[in-house]
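S.K.: The sequence isn't on hand, but the structure is:
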Ligand code: AMP
Ligand code: MG
């Protein structure tokens with residue numbers, strides 16, 4: 001049995017750092033400062049522009065460290081660990097964790113079950129949580145799915161209770177919400193222009209210091225390089241793709257985003273999906289869910305929503321973008337001419 005394993009925290013979205021004025025100008029806004037930290041299984045870099053942002057950056061770093069302590073699924077002192085090992089007892093959690101859990105339950109409803117934080121035991125059976133990859137049998141998956149289902153989670157203000165055989169993980173929204181909270185921390189410390197890169201997911205504060213939009217590259221799901229760039233103002237952009245973590249066994253590729261209905265890697269014909277919107281947590285939850293739902297259902301969800309835009313790359317290399325970003329989207333020159341379709345309301 002041949003098995004190839006691939007796991008990567010490589011940037012799905014790469015920032016173009018061509019902020020022309022640096023170095024030659026003495027404008028206070030041009031002062032650039034950044035901090036990198038490895039947390040939430042990825043490199044997080046916060047770059048701020050303007051004078052005296054040291055305190056803000058330190059506050060951002062402290063925030064990241066504290067959120068990781070709350071949401072790590074493996075750290076025995078985290079709140080998620082406490083919930084998962086509570087033996088069916090109620091656990092009191094912080095306001096941040098409670099907010100995120102309420103939000104996760106809402107997103108489960110909004111996506112008709114595609115977004116599901118209760119799949120941790122199924123992810124473990126596939127080896128995605130341990131790196132000991134294997135293909136579980138249908139009976140094993142069916143048994144594990146019996147114990148899943150967010151309707152069994154009871155949430156009452158800051159008190160959480162889950163059944164003994166359930167385990168939850170916030171891997172599909174933690175970084176997105178962290179982006180929101182880091183941006184908030186920076187703003188409340190007076191920062192007007194900043195870019196937060198959470199392993200390729202981007203969250204911005206304001207515009208670039210020269211008041212121009214930020215320009216980000218959208219990574220190709222089929223190899224290295226960006227197939228397009230997108231110009232953005234203050235927002236988040238979050239990408240999910242099968243290429244981010246997968247293994248190959250007997251010629252079949254299995255990736256880390258599961259369809260909660262089957263307990264198997266979602267096979268909806270999407271190679272990657274990027275979601276753009278004002279809230280990082282919404283973009284993060286949706287990028288994972290749209291990957292599960294596929295192009296048609298993702299389009300339906302977009303049409304009934306007004307809080308996000310999307311870029312979908314199908315497994316056969318076609319690109320679909322929603323009309324709200326049409327003017328800001330540009331294909332990269334170095335890529336073969338893919339078919340791009342704009343989805344209108
Ligand atoms: P993301 O990179 O944001 O798409 O998140 C992927 C991670 O979310 C996986 O590594 C799992 O930990 C978790 N996950 C997988 N499938 C789902 C799902 N259907 N709903 C919620 N979380 C999921
Ligand atoms: Mg996600």
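M.R.: Thanks, I have it. None of these values were measured; they are calculated from a predicted model. Ligands and ions are numbered 1, 2, ... in the order given.
S.K.: what ranges do the strands span in the stretch 151-300 of the chain?
M.R.: Counting by DSSP state E, counting those that start in this stretch, one finds strands in the stretch 151-300 of the chain at the ranges 154-156, 159-161, 193-198, 201-205, 214-219, 226-232, 236-241, 245-249, 252-255, 258-259, 264-265, 270-277.
S.K.: how about these in a markdown table, adding mean pLDDT, mean neighbour count and distance to residue 76?
M.R.: Where you see a C-beta, it was placed from the backbone N, CA and C, and this is true even at glycine. Rendered in a markdown table, the data for the strands of the stretch 151-300 of the chain read as follows (pLDDT from 0 to 100; neighbours: other CB atoms under 10 Å; distance: least, CB to CB, whole Å):
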| stretch | mean pLDDT | mean neighbour count | distance to residue 76 |
| --- | --- | --- | --- |
| strand 154-156 | 97 | 12 | 23 |
| strand 159-161 | 98 | 17 | 17 |
| strand 193-198 | 98 | 25 | 24 |
| strand 201-205 | 98 | 26 | 27 |
| strand 214-219 | 96 | 22 | 34 |
| strand 226-232 | 96 | 20 | 39 |
| strand 236-241 | 97 | 27 | 28 |
| strand 245-249 | 96 | 18 | 23 |
| strand 252-255 | 97 | 16 | 28 |
| strand 258-259 | 98 | 21 | 25 |
| strand 264-265 | 98 | 18 | 29 |
| strand 270-277 | 98 | 26 | 33 |
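S.K.: can you redo the ones you listed as CSV with distance to residue 169?
M.R.: Listed next are these as CSV, based on distance: least, CB to CB, whole Å:
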stretch, distance to residue 169
strand 154-156, 16
strand 159-161, 14
strand 193-198, 17
strand 201-205, 17
strand 214-219, 24
strand 226-232, 29
strand 236-241, 15
strand 245-249, 13
strand 252-255, 16
strand 258-259, 11
strand 264-265, 16
strand 270-277, 20
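S.K.: Ligand 2: which of those strands is closest?
M.R.: In this view, the strands of the stretch 151-300 of the chain are compared for proximity to ligand 2 by CB to the ion, and strand 236-241 is the closest at 5.2 Å.
S.K.: can you tell me if that closest one touches ligand 1.
M.R.: Yes - when contact is scored as CB under 6 Å from any ligand atom, part of strand 236-241 falls within range of ligand 1: residue 240.
S.K.: strands paired with that strand, and their directions?
M.R.: Taking DSSP bridges as the criterion, strand 236-241 pairs within the sheet with strand 201-205 (antiparallel), strand 270-277 (antiparallel).
S.K.: gap between the last one and the chain center?
M.R.: Meaning strand 270-277. Strand 270-277 sits 10 Å away from the centroid of its parent chain (CA atoms, centre = their mean, to the nearest Å).
S.K.: before we move on, the earlier item: right, so of the strands of the stretch 151-300 of the chain, which gets closest to residue 334?
M.R.: Of all the strands of the stretch 151-300 of the chain, it is strand 226-232 that lies closest to residue 334, at 8.7 Å by CB to CB.
S.K.: need the strands paired with strand 236-241 in CSV with distance to residue 124, can you?
M.R.: Conversion of the strands paired with strand 236-241 to CSV gives the following (distance: least, CB to CB, whole Å):
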stretch, distance to residue 124
strand 201-205, 24
strand 270-277, 24
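S.K.: got the contact list for stretch 306-316?
M.R.: 218, 220-221, 227-228, 230, 241, 269-279, 282-283, 286, 290, 295, 298, 302, 319-322, 324-325, 329 (CB atoms under 8 Å, 6 or more residues apart in numbering).
S.K.: ah, wrong one, I meant stretch 117-130
M.R.: Contacting residues not belonging to stretch 117-130 are listed as 73, 84, 101, 104, 108, 133-136, 140-141, 144-145, 147-150, 152-153, 162, 165-170, 172-173, 245, 247, 254, 256, 258, 260, 263, 265 [CB under 8 Å, 6+ apart].
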